[in-house]
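In: 3D, please:
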Amino acid sequence: MRYDRPRFLDQGEAALVVEFGDVVDAELNASVLALDKAFLRERPQGVKETTPTYRSLLVHYEPLEVSRDALIDWINAVIAGSDRDEATQNDNDAPGSLRSARDDGAAWIIPCCYDPAIAEDIIEAASLLGLPPTSLAEEHAAAGYRAYMYGFAPGWCYLGGLPETLAITRRLAPRGPTPEGAVLIGGGLSLIATNPMPTGWYVIGRTPERLFSLRRDPPFLVAPGEALRFEPIGAMTFASLDARAAQGEIVARRETAA
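Out: A predicted model of the protein is given here:
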């Protein structure tokens, strides 16, 4: 559910969690990202860093520079100002609104290879879902996704929008390290992993694109809140694009809806 007003939870003595709800929801996530942008725009004294998630914003602050109460007052004022703007404009896409999921119509097109030789778990996952591997790949590639957050490890991009027919329970025990650029499903979500890590999710594809690279500014290719789709490619195309991406080329593309 989405809360009428955010909850403020302490994480130690120098961090505050601003929680907007307890579900994976695009509108709720838009509120998180809008508050994060307000912090980046205004840069209130004492705030050191913010970390957005699916449903909350973690605010790191220096208690000697700003009190918890003053920080909460600032946040409430931002939300109240946004609510007034929304009421005045009577538009669900009001600029700066903490209640609107804004969408400029553009989406990242991410190449993805679903070949079982590269997608290590697609046959197993398809069997558990009662689907042929080709149908799993087709359904995954046909869906539209939203980048909700980065987490767990640098560049791991968590996505909402997975079709319900592909919702699969995560493994009881983690599998071995994922390959670089693994595209995974698990727990009703999908994600793109950038570096090898053990996980309970299923690798059903791989992208040659590097979503996280310290050679870029910013290092994250897809920003939280942006839309993306997967474009199926074969193993030979994957190898070609992977070599180009290794040299720093961006092999994904950003398209605007007609």
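In: where are the low-confidence patches of the chain?
Out: Counting by pLDDT under 70, the ranges of the chain that qualify are 82-104, 257-258.
In: Thr199 reaches Thr178, doesn't it?
Out: Yes. Between Thr199 and Thr178 there is a contact under CB atoms under 8 Å: 5.7 Å. C-beta coordinates here come from the backbone N, C-alpha and C atoms, glycine included.
In: okay, domains of the chain per the record?
Out: With domains defined by automatic domain parsing, the chain comprises 2-89, 106-256.
In: deepest in the core, which of those domains is it.
Out: Ranked by mean neighbour count, the domains of the chain are led by domain 106-256 with a mean of 18 (mean count of other CB atoms under 10 Å).
In: that one: end-to-end distance?
Out: 4 Å (CA to CA, to the nearest Å).
In: how about stretch 7-27?
Out: One end of stretch 7-27 sits 17 Å from the other (CA to CA).
In: next: stretch 225-245.
Out: 24 Å.
In: stretch 177-189 too?
Out: Terminal residues of stretch 177-189 lie 19 Å apart, using CA to CA.
In: and it, how far from the chain's centre?
Out: 13 Å (CA atoms, centre = their mean, to the nearest Å).
In: do stretch 38-58 as well
Out: From the chain centre to the centre of stretch 38-58 is a distance of 17 Å (CA atoms, centre = their mean).
In: next: stretch 215-231.
Out: With CA atoms, centre = their mean, you get 9 Å for stretch 215-231.
In: one more: stretch 241-248?
Out: 23 Å.
In: just stretch 60-71 next, same as before
Out: With CA atoms, centre = their mean, you get 28 Å for stretch 60-71.
In: got the contact list for that stretch?
Out: With contacts defined as CB atoms under 8 Å, 6 or more residues apart in numbering, stretch 60-71 is touched by 10, 13-16, 44-51, 59.
In: inside strands: which ones of the residues you listed?
Out: Counting by DSSP state E, the part of the contacts of stretch 60-71 found in strands is Asp10, Ala15, Leu16, Val47, Lys48, Glu49, Thr50, Thr51, Val59.
In: what do Thr199 and Thr178 both touch?
Out: With CB under 8 Å, 6+ apart as the test, Thr199 and Thr178 both reach Leu184, Ala193.
In: that older thread, now render the contacts of stretch 60-71 as TSV, adding distance to Cys112.
Out: Shown next, in TSV, are the contacts of stretch 60-71 (distance: CB to CB, whole Å):
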residue	distance to Cys112
Asp10	41
Glu13	43
Ala14	40
Ala15	36
Leu16	38
Pro44	40
Gln45	44
Gly46	43
Val47	38
Lys48	37
Glu49	32
Thr50	31
Thr51	27
Val59	35
